[in-house]
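> would you be able to build a 3D model of this:
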Amino acid sequence: MTTALAEQLDAQLAAPGAMDAARFASFLDGQREIGLVHGTRALCRHLRPYLITEQDYAAVAGAAERVAAALERVARRALVDAALADELGLSADERALAALDPGDGPFLTVGRLDMLVTEGGFSFIELNADSPAGITDQLLIEQTLMDLPHMAPFRSRPGLRTPAPHRGLIRALREGYAAWGGREPRPTIAIVDWATVDTAAEFKVLADLLSAEGHRTMILDPDQLEYDGVRLSAGGEPIDLVYRRVITQELIGRRGVDHPLVRAYRDRAAHVANSFRTKPLNKKAAFAVLSDPEFSGLFSPGQRAAIAAHVPWTRRVKAGRAEWRGREVDLVELVLGEQESFVLKPNDEYGGKGVLLGWQTPPDAWREAVLGGEAQRAIVQERSSSRTERMPTFRDGIVEEEVYFDLCPFVFAGRMEGAMVRLSASAVSNVCAGGGVTGLLIVDDALASKEGAGDV
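You can find the predicted model right below:
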């Protein structure tokens, strides 16, 4: 958003000597050194954080927490309702994993909602409940972007603060382990994902943070795990808590349901966060359940209000009738006839893979995707008109780029703390698809009023 504070910051950036080619190159190199990267690509190329007022931050938090709680209700019902599990598109293996009782603890230890900022407010369009990345971005941006000379007047200015999602994660992991029945005061933690993933640098940052808190922490490929029927271990060292970053369908698809992690989880030999019960939350069809009046009885009045205000109309692509803006229509005819009003998504992909924007897709390709959508269990979602923002960057001097952005709130055991702020030249703002990130700066309401800050 454009505010007086943002203008002040941009004026500092435009001052002589504030930024040149050597300093910008050093800024990018610094990100690579500390792990603010996707693969080897530095993630923060824009030179201003996103500003949000305390009032707006609280509004996002309240809505995010209600929507996440509503999605949890969907997942819990799918455990006992075969028809709903089918509606979500759960495979036989996913249903079997979800049926395993992991013991006490939060249903969702960590999730990240994808949220578009629109002209009229904000919309939640997906939930990453399987392997949400970006939790350390804010911390690393404070060590890089926030440390640049033009940010100096703002670093200690009263009325400004930054969130700490890494603290939210550590708290949720500890509290979840204790609720599960873990007895170690500082459990040994394994961060588990394939060794080749592009988010590996984030694991190193998290491991250092956890180690500084007194936890023996290992970063492990799933193939390094061993289970003897009593203890989960790696290289002979027992593991108390698994921070699972490996994606469920990839683990099961590559290694099957008899993998040591699954067997240890089944036997409650280690606390696993997130549990395999969160898979239904990760299906994009869960948003079709949220927005379909047929399922409204699942939710509390507060959750229904948050859904109505902040979740766009979403349905599975299938033949038949659907409610659309107060009238019944043929769903396939609607989506074909009003192509520019919709987005098509695979039910179970990540990184922006397979997403088709109706207003950018050739009609023949759109028609083919819609007509094949039922067999592919695709999801159709009403277009949310995402706002763009002019953000400064450096290219032979300071320039402003018009970028799409989204705000992706983290919810830790039901509580929001911070958000990933993604920026992209494309309407699909995704780091895997080449997007970048910036920091989040929260403005005290009194300062916002004084400086004329706008709404989200």
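
> which residue is nearest the middle of this structure?
residue 112 (3.0 Å; Cα atoms, centre = their mean).

> surely that one forms part of a helix?
No - the assignment for residue 112, made by DSSP: H, G, I helix; E, B strand; the rest coil, is strand rather than a helix.

> spit out the contact partners of it.
127-128, 132-134, 408-411, 420 (Cβ atoms under 8 Å, 6 or more residues apart in numbering). (C-beta placed from N, C-alpha, C; glycine too.)

> neighbour-wise, which of those residues leads?
For these, neighbours were counted by other Cβ atoms under 10 Å; the highest total belongs to residue 411, with 29 neighbours.

> surely that one meets residue 106?
No - with contact defined as Cβ atoms under 8 Å, residue 411 does not count as touching residue 106 (10.1 Å).

> remind me which residues of the chain are low pLDDT?
Within the chain, the stretches with pLDDT under 70 are 1-2, 427-430, 432-433, 451-456.

> hmm, residue 204 is touching residue 219, no?
Yes - assessed by Cβ under 8 Å, residue 204 is found in contact with residue 219 at 6.8 Å.

> quick one, which of the two is more surrounded?
For residue 204 and residue 219, the more surrounded residue by other Cβ under 10 Å is residue 219, and the numbers stand at 18 against 15.

> ok but the more buried one is inside a helix, no?
No - with three-state DSSP as the criterion, residue 219 is located in strand rather than a helix.

> which other helices and strands contact the helix or strand containing residue 253?
Element membership for residue 253 (DSSP states H and E) is helix 248-255. Identification of packing neighbours for helix 248-255 by 3 or more Cβ pairs under 8 Å, 6 or more residues apart in numbering; DSSP states H and E yields helix 92-99, helix 260-266.

> of all those helices, which lies closest to residue 336?
Between residue 336 and the helices and strands packed on helix 248-255, the shortest separation by Cβ to Cβ is 30.5 Å, and it involves helix 92-99.

> send the alpha carbons of the closest one over as CSV?
These are the backbone C-alpha positions of helix 92-99, laid out as CSV (Å, rounded to 0.1, in the frame of the first residue of the first chain):
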residue,chain,number,x,y,z
ALA,A,92,-6.8,-44.8,-0.4
ASP,A,93,-3.3,-44.4,1.1
GLU,A,94,-4.1,-40.8,2.2
ARG,A,95,-7.2,-42.1,3.9
ALA,A,96,-5.3,-44.9,5.6
LEU,A,97,-2.7,-42.4,6.9
ALA,A,98,-5.3,-40.0,8.1
ALA,A,99,-7.0,-42.8,10.0
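
> flag every buried residue along that helix.
In terms of neighbour count (16 or more other Cβ atoms under 10 Å), helix 92-99 has its buried residues at 93-95, 97-98.

> okay if I get the residues you listed as a markdown table plus distance to residue 438?
As requested, these are arranged in a markdown table below (distance: Cβ to Cβ, whole Å):
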| residue | distance to residue 438 |
| --- | --- |
| 93 | 38 |
| 94 | 35 |
| 95 | 40 |
| 97 | 36 |
| 98 | 36 |
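
> of the residues you listed, closest to residue 299?
Lowest distance from residue 299 to these (Cβ to Cβ) belongs to residue 98, with 20.1 Å.

> got the phi and psi for the closest residue to the closest one other than its chain neighbours?
Nearest-residue entry for residue 98: residue 277, 5.1 Å, with adjacent residues in sequence omitted and distances by Cβ to Cβ, 6 or more residues apart in numbering. When read as degrees, to the nearest 10, the backbone of residue 277 gives phi -80, psi -10.

> what's the separation between residue 277 and residue 115?
Here residue 277 is placed at a distance of 24 Å from residue 115 (Cβ to Cβ, to the nearest Å).

> returning to that earlier point: tell me the angle the helix holding residue 253 makes with helix 92-99.
120 degrees (axes from the mean of the first three to the mean of the last three Cα atoms, to 10 degrees).

> next one: helix 248-255 to chain centre, how far?
From the chain centre to the centre of helix 248-255 is a distance of 21 Å (Cα atoms, centre = their mean, to the nearest Å).

> using PDB, write down the CA coordinates of stretch 196-212.
The C-alpha atoms that make up stretch 196-212 are tabulated as PDB, following Å, rounded to 0.1, in the frame of the first residue of the first chain:
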ATOM      1  CA  THR A 196      17.700 -32.100  -3.100                       C
ATOM      2  CA  VAL A 197      14.900 -29.700  -2.400                       C
ATOM      3  CA  ASP A 198      15.300 -26.000  -3.200                       C
ATOM      4  CA  THR A 199      14.200 -25.000   0.300                       C
ATOM      5  CA  ALA A 200      17.200 -26.800   2.000                       C
ATOM      6  CA  ALA A 201      18.800 -23.500   3.000                       C
ATOM      7  CA  GLU A 202      15.700 -22.700   5.200                       C
ATOM      8  CA  PHE A 203      16.300 -26.000   7.100                       C
ATOM      9  CA  LYS A 204      19.800 -25.000   8.000                       C
ATOM     10  CA  VAL A 205      18.500 -21.700   9.400                       C
ATOM     11  CA  LEU A 206      15.800 -23.500  11.400                       C
ATOM     12  CA  ALA A 207      18.300 -26.100  12.700                       C
ATOM     13  CA  ASP A 208      20.600 -23.300  13.900                       C
ATOM     14  CA  LEU A 209      17.700 -21.600  15.700                       C
ATOM     15  CA  LEU A 210      16.500 -24.800  17.300                       C
ATOM     16  CA  SER A 211      20.100 -25.700  18.400                       C
ATOM     17  CA  ALA A 212      20.400 -22.300  20.000                       C
END
